[in-house]
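J.: Let's see this in three dimensions:
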Amino acid sequence: MAADQAAGLRRHSARQPARCIQVFSDSPDTAVGLTQALHRHGRTVLLVDTRGRLFAGSPARSLFDWRQQLQRGQLQTLPLAYGAGWYAPGVRADEPALSAVANGYDHVLFDVGWKAELALLQGAVHTVLMEIPRAARDLNANEPMLRAYAVLKTLACMGGAVSVGLLGDRPACDHVRDAGCRFLEQRFARAIFSLVNDDDAFAALAVRMADEETSLSAC
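T.: A predicted model of the protein is given here:
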């Protein structure tokens, strides 16, 4: 299993929970961009390809599927210039065996797209990033906002430690955030933040997550 032992030791000594990021986006570039930003800020990241759209043609594909790899305790990861990649189409974040994997990295980032069912790794601190685009001309203009708000409602019902970042089309993001603040429980609504005002949204999120981890270490 290709994991950063130093990251695992830092987390164990600080008694920090695993930190997971789930990216809902129509494009895999969003997950890659965030992984690269975290790497530039010194974070060790495992990028999980849950949809088979990142590493399908890479040498990371194995004779053993992701279930067998977890059973064997040996992930077949792909060395990347900005972290490690794992080809695991269909894996869910609440897979129990992932807990041990997550502890070996500063962040485990799931490229889940929009069609995946939301699931959270037990005991972890979660960030959910949603890229809300402007609706295509042949679609309902509200469709991107409706699916984003559906994720918000699901997260609000799940509870746990979670923050939600919005990026993409500014009016759509503002509308979803306003709806969350109006209709969802206020403690959860305060965890919704927008990145559309930042010139480099990925860098801003990487800094934010580093600050949050520092705050947890100080507790």
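J.: rest of the way, CA atoms for contacts and neighbours
T.: Noted.
J.: Poorly predicted segments of this protein, please.
T.: Within the chain, the stretches with pLDDT under 70 are 1-15, 59-62, 135-139, 212-219.
J.: which residue ranges form the helices in it?
T.: Assigned by DSSP state H, the helices in the chain fall at 5-14, 29-40, 66-72, 98-102, 143-158, 170-183, 186-189, 201-218.
J.: Include distance to residue 86 when you put these into TSV, please.
T.: Formatted as TSV, these follow (distance: least, C-alpha to C-alpha, whole Å):
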stretch	distance to residue 86
helix 5-14	17
helix 29-40	12
helix 66-72	9
helix 98-102	11
helix 143-158	24
helix 170-183	30
helix 186-189	31
helix 201-218	21
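J.: deepest of those, which one?
T.: Stretch with highest mean neighbour count among the helices of the chain: helix 29-40 (a mean of 20; mean count of other C-alpha atoms under 10 Å).
J.: residues making contact with that helix?
T.: 23, 44-45, 47, 82-83, 109-111, 131, 202-203, 205-206 (C-alpha atoms under 8 Å, 6 or more residues apart in numbering).
J.: and the two most separated of those residues?
T.: Using C-alpha to C-alpha, the contacts of helix 29-40 span at most 22.9 Å, a distance reached by 44 and 131.
J.: Give the bridge partners for residue 131, please.
T.: residue 167 (DSSP bridges).
J.: from what I can see it touches residue 167, true?
T.: Yes. Using C-alpha atoms under 8 Å, residue 131 makes contact with residue 167 at a distance of 4.8 Å.
J.: between the contacts of helix 29-40, which is closest to residue 184?
T.: Among these, and counting by C-alpha to C-alpha, the member closest to residue 184 is residue 131, at 19.9 Å.
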